[in-house]
Every structure is written in C-alpha cells, then in structure tokens.
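1. can't give you the sequence, but here's the structure:
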C-alpha cells in the first residue's frame, strides 16, 4: 500500500512506519511541519528522500518521501494526497494544556487541518482515512467511555477532536470515504522522547534529576496504552474492510490512578539507580478526573485488543530512555 502519514516524523508516525516496513512492499509519503518530530527521528525509522511539493512523483515499493509543510496549507494538502491508498492523520496540536493556553491555534490545527486533509482525500479519491482522535471528546462522564456516549468535551482540545470526528462521519456518509476515527488512550513506550504526557515526561525529568509535579491529588485516572498495541490498531484501521464511518476506543480497558502509576514507576526507576521526586500541585484547567475505555467494539470489529501489561511496558520504556 501507499500510505500518507501526516505528522509522520513523530512518535506515532515513526512507530507505524517501523512496523509496516517489517511487512515489506509498503511505501510512504510524510507531511510534517517538524514542530515536534524531526528529520533525525524519521531517519531512525526509514531511509527517506526530502522533496518539495512540486517534486512529488509516484511511489515505488519501499520508497519514503518527506514533504515539510503544514496541514493548514490547503495547497500542500492537495498535493501530498495524490495517488495514495490510505491516509493516517496524526498531525495535530496535541494535549489539553496546549489547547487551554492557545485555543485558536488548537482549532486551526485540529479543525482546519483535518478539513483540509479530508477535502484533499475526496478530491484525490483516497478511499481510507484513519483519524487519531482521543478520549477527550467524551469529557467529564462516568467511565468506561464507549463510542455511543453523548460527547461533552471539557477542553478546547476535546472540542477540536470532536469536530474532527464529526467531519470524518460526514465525509463517509456524504462522499463515501472510509473514515475511521480512533480514540486513543494515553500512549507511552519506546520512541516517546518528545511526548509531554505523564510517562515520558516523568522519565525524562527523573533522568535530569528534576522534580515532577502531579496536578491534583493523584487520584485522577487514565487508560495507559503501550505503543506496539496502538500501532497494531492503527494498521488494522487502515486495512480491515467494511469499517468506514466507525469510531473505536483504542486503549486497555483498565483504569489506573496516577498514584498507582507512580507505584510502578518509582521502583522501576529506583532499580536503575534513578530517583523520582514527586510533588503535588493544583488541578489543571480542562483535565477530567476519570478516564478509561470500553474497547469491546474494537475487539469485535477490528479483532484487536491491547496485550501489554503496564508494568512490563513501563520497564521497556525506561530501558529505551536509558539506552
């Protein structure tokens, strides 16, 4: 297949590329503005050629083209979608804090960005579109979160991801593009050096000898999913037939408080001679207290479930950062 991956230099994009490369014969076109991921990150995953949009040529087996550009640019999104089999849309303004700090930027990246990509998919007749969404559209609800809950987003980030899900639904129903929205849990794992979420951030700060801060009392819960499990779901979303227009919760179906996470991370780091110094601060604007997912729909329709134990995954992640 010929895959277009937006944000493909980042943690998720390079992880998907590494897995697909093992299968052989896949080729890739990457659109990335390099605001987070780098050329060096992509080079760790695959050999690539960086080209200008006007230099785009058809991909041969195993090729990888990098086009540096922004999903808010209507012209460039049209150019990169030419002759693609599937689009994986990772590029976004990520995270609740960023959206609270600059709601307009969040909207422009996450709403105008996905509109541009879907419109380019329509005009270039790309039939499969995988959208990286989040649990954030659901908002403050009694978990487990499932696909049929009425959404009530708390943060601008949740609202922008909900808009993306809405556009995916409309482009499936109106234009027959097989859109698939994946609501990711809190992903962690090897390769997450640029991530600002709790696992990667706390490991980085611990290695630097800096204090880490938990916002609130640590009883807030999240659903932590290991990168390999998430990659498996993304690839299935790009290839399984008959799932156009669907949304799936992609997580572990396990509720973990941040205090419980610390009970895993602290001894795991101490075993490597690293101290994790924790303090507790004020609750952040936009954060929800409880968040975990019912993943039964993904299990039934994608034949997918998360397999990686949290303790094993945390230890693998720490080992990667150390090495």
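-> Perfect, I can see it now. This structure is a prediction, so every number in the text was calculated from the model and none was measured.
2. can I assume residue 220 is in contact with residue 289?
-> Yes. Taking contacts as CB atoms under 8 Å, residue 220 lies within contact range of residue 289: 5.0 Å. For every residue, glycine as well, the C-beta is placed using N, CA and C.
3. the more surrounded of those two?
-> residue 220 (18 against 13; other CB atoms under 10 Å).
4. gap between that one and residue 106?
-> 21 Å (CB to CB, to the nearest Å).
5. same check on residue 150?
-> Distance of residue 150 to residue 106, computed by CB to CB: 22 Å.
6. who has more neighbours out of these two?
-> Ranked by neighbour count (other CB under 10 Å), residue 150 and residue 106 place residue 106 first, with 24 against 7.
7. how much distance is there from stretch 62-74 to the middle of the chain?
-> Computed by CA atoms, centre = their mean, to the nearest Å, the chain-centroid distance of stretch 62-74 equals 17 Å.
8. then stretch 172-184?
-> The answer for stretch 172-184 is 16 Å, by CA atoms, centre = their mean.
9. list the buried residues in the helix ranked longest in the chain.
-> In the chain, assigned by DSSP state H, the helix with the most residues is helix 156-175. Along helix 156-175, these residues count as buried under the neighbour rule (16 or more other CB atoms under 10 Å): 156-165, 167-168, 171-172.
10. pLDDT averaged over that helix - what is it?
-> Helix 156-175 comes out with an average pLDDT of 98.
11. tell me which other helices or strands the lowest-mean-pLDDT helix or strand in the chain touches.
-> Least confident helix or strand of the chain, by mean pLDDT, DSSP states H and E, is helix 96-101 with a mean of 94. The contact analysis (3 or more CB pairs under 8 Å, 6 or more residues apart in numbering; DSSP states H and E) places helix 96-101 against helix 103-107, helix 156-175.
12. as a quick check, tell me the outermost residue of the chain.
-> residue 273 (31.1 Å; CA atoms, centre = their mean).
13. I'd guess that one is in a strand, am I close?
-> No. Looking at residue 273 with DSSP: H, G, I helix; E, B strand; the rest coil, it is coil, so not inside a strand.
14. how about it, phi and psi?
-> Torsion angles at residue 273 (phi, psi; degrees, to the nearest 10) stand at phi 80, psi 20.
15. just the pLDDT for it.
-> For residue 273, the model assigns a pLDDT of 97.
16. measure it to residue 90 for me?
-> 35 Å.
17. next: residue 21.
-> For residue 21 relative to residue 90 (CB to CB), the value is 17 Å.
18. who's more crowded, those two?
-> Higher neighbour count among residue 21 and residue 90: residue 90, with 22 against 17, using other CB under 10 Å.
19. the more buried one touches residue 4, doesn't it?
-> No. Between residue 90 and residue 4 there is no contact under CB under 8 Å: 10.7 Å.
20. wait, is residue 233 part of a helix?
-> Yes. Using three-state DSSP, the assignment for residue 233 is a helix.
21. list the residues that contact the residue lying closest to it once chain neighbours are set aside.
-> In space, and not counting its chain neighbours, residue 233 is closest to residue 250: 4.5 Å by CB to CB, 6 or more residues apart in numbering. Contacts for residue 250 were tallied using CB atoms under 8 Å, 6 or more residues apart in numbering; they are 182-185, 225, 230, 233, 293, 295, 298, 304, 306.
22. do residue 274 as well
-> Contacts of residue 274 by CB under 8 Å, 6+ apart are 206-207.
23. separation between it and residue 95?
-> On the measure of CB to CB, residue 274 and residue 95 end up 25 Å apart.
24. which residue ranges of the stretch 201-323 of the chain form helices?
-> With DSSP state H, counting those that start in this stretch as the criterion, the stretch 201-323 of the chain has helices at 227-239, 258-270, 296-302, 310-322.
25. return the most buried member of those helices.
-> Using mean count of other CB atoms under 10 Å, the stretch among those with the largest mean neighbour count is helix 227-239, at a mean of 21.
26. all helices of the stretch 51-200 of the chain, in order?
-> 74-80, 96-101, 103-107, 113-123, 156-175, 198-207.
27. okay, those helices in a markdown table with distance to residue 58 next?
-> As requested, the helices of the stretch 51-200 of the chain are arranged in a markdown table below (distance: least, CB to CB, whole Å):
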| stretch | distance to residue 58 |
| --- | --- |
| helix 74-80 | 13 |
| helix 96-101 | 36 |
| helix 103-107 | 34 |
| helix 113-123 | 17 |
| helix 156-175 | 24 |
| helix 198-207 | 37 |
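28. looking at these, which is nearest to residue 26?
-> helix 74-80 (16.6 Å; CB to CB).
29. which elements pack onto the closest one?
-> Short answer (3+ CB pairs under 8 Å, 6+ apart): helix 74-80 packs on strand 27-32, strand 64-68, helix 113-123.
30. skipping adjacent residues, who's closest to residue 311 in space?
-> In space, residue 311 is closest to residue 264, 5.3 Å off (CB to CB, 6+ apart).
31. I figured that neighbour hits residue 314, correct?
-> Yes. Contact criterion CB under 8 Å: residue 264 and residue 314 qualify, at 5.3 Å.
32. what do the two both touch?
-> With CB under 8 Å, 6+ apart, residue 264 and residue 314 have no common neighbours.
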